[in-house]
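1. 3D, please:
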Amino acid sequence: MDKVIVERPRRGGGVQGDGRGFRNSRERGSHLGMKRGHDHPKGLNENLAPLKRWLHKQVHRPWDKVYAELCSGIDRRSTVQAHIFEHIDQFVERGAVMRDGQVWVNSPRWRGGRRVPLREAAHVELFVHPVTGIVLPNRRLREARQAQQEAYRVARAGWPTDKKRHTVFHVIDEFTQWHRIDGCWFEVTIAPLPELRRTVLDVTYYDVLRRCPVSRRGGCEKPAFGSPDHREMYGRDHVYAAAMCKLSLQRVRERFGDSCEGPVPKHRARA
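-> Have a look, this model is predicted:
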């Protein structure tokens, strides 16, 4: 633990005569605090990098034991060491809750108020599971940060990106659709998501077109392609793409004629 707590000299101060002019003036008042009149006060300068590395090594351990071990090695009589407890929440999210079978954490801008799903929390590297109390890593951290960077880029550009736009598809039958992706046509097999029962847990399936897991209760989680809305993607709710294969140019011409692009629908078309 002595390697986790690394103290350094406090920052600031060292200015000759700082505050002396005000404290010796007539406007100073009869009672002054120790900080009044000083423009260059000292600040804490602890090194938190070793603490962060130590916390990352405590994954898959009960948080109560980790916290007890941390408290046993910190001398609260030291101002610098006691200040470390104010930085623990920067490295470990301790206020996670369960909602509809998913972990939700505090938003960085709304502490104690608005919450976001863990898969969208780009600021959470470690969290304490609300059921088991185990310290776990955020395995969706990389995807969350990529989505955050993409949203920031779009906001700065001032116009939406069409990288994941997908609106052209044709319904062949109840379980078969043709989707046009980057100029190529694919035959997609649609399967319904089973209805939830009280005695059956929510089962997760993999959408091969959107390349992401889907479930009846949780919906679509961060699709790599297309829209997370089932109706916008496939024209109806509670379905997912179970299989897909690329169509040959001959099959496309047999249905659409010489134009391989096919008839462009207003939003969706039925073949």
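2. May I have the residues that are in contact with the nearest residue to residue 175 once chain neighbours are set aside?
-> Spatial nearest neighbour of residue 175, excluding adjacent residues (CB to CB, 6 or more residues apart in numbering): residue 190 at 5.1 Å. C-betas here are computed from N, CA, C, even on glycine. Residue 190 is in contact with 174-177, 234, 239-242, counting by CB atoms under 8 Å, 6 or more residues apart in numbering.
3. try it again with 7 Å
-> Residues near residue 190 by CB atoms under 7 Å, 6 or more residues apart in numbering: 175, 177, 234, 239, 241.
4. any low-confidence regions in the stretch 151-271 of the chain?
-> Scanning the stretch 151-271 of the chain for pLDDT under 70 picks out 154, 156-167, 198-202, 218, 258-271.
5. which stretches of it form strands?
-> 169-171, 176-181, 184-192, 204-207, 212-215, 219-220, 239-246, 269-270 (DSSP state E, counting those that start in this stretch).
6. Any chance of the ones you listed in TSV with distance to residue 74 as columns?
-> Output for the strands of the stretch 151-271 of the chain, formatted as TSV (distance: least, CB to CB, whole Å):
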stretch	distance to residue 74
strand 169-171	59
strand 176-181	56
strand 184-192	55
strand 204-207	41
strand 212-215	41
strand 219-220	43
strand 239-246	50
strand 269-270	66
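7. just so I know, which of those strands lies nearest residue 65?
-> Comparison of the strands of the stretch 151-271 of the chain against residue 65 by CB to CB identifies strand 204-207 as nearest, at 31.2 Å.
8. Mind giving me the packing neighbours of that closest one?
-> strand 212-215, strand 239-246 (3 or more CB pairs under 7 Å, 6 or more residues apart in numbering; DSSP states H and E).
9. okay if I get those strands as JSON lines plus distance to residue 140 and mean neighbour count?
-> What follows is those, written out as JSON lines (distance: least, CB to CB, whole Å; neighbours: other CB atoms under 10 Å):
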{"stretch": "strand 212-215", "distance to residue 140": "11", "mean neighbour count": "18"}
{"stretch": "strand 239-246", "distance to residue 140": "19", "mean neighbour count": "16"}
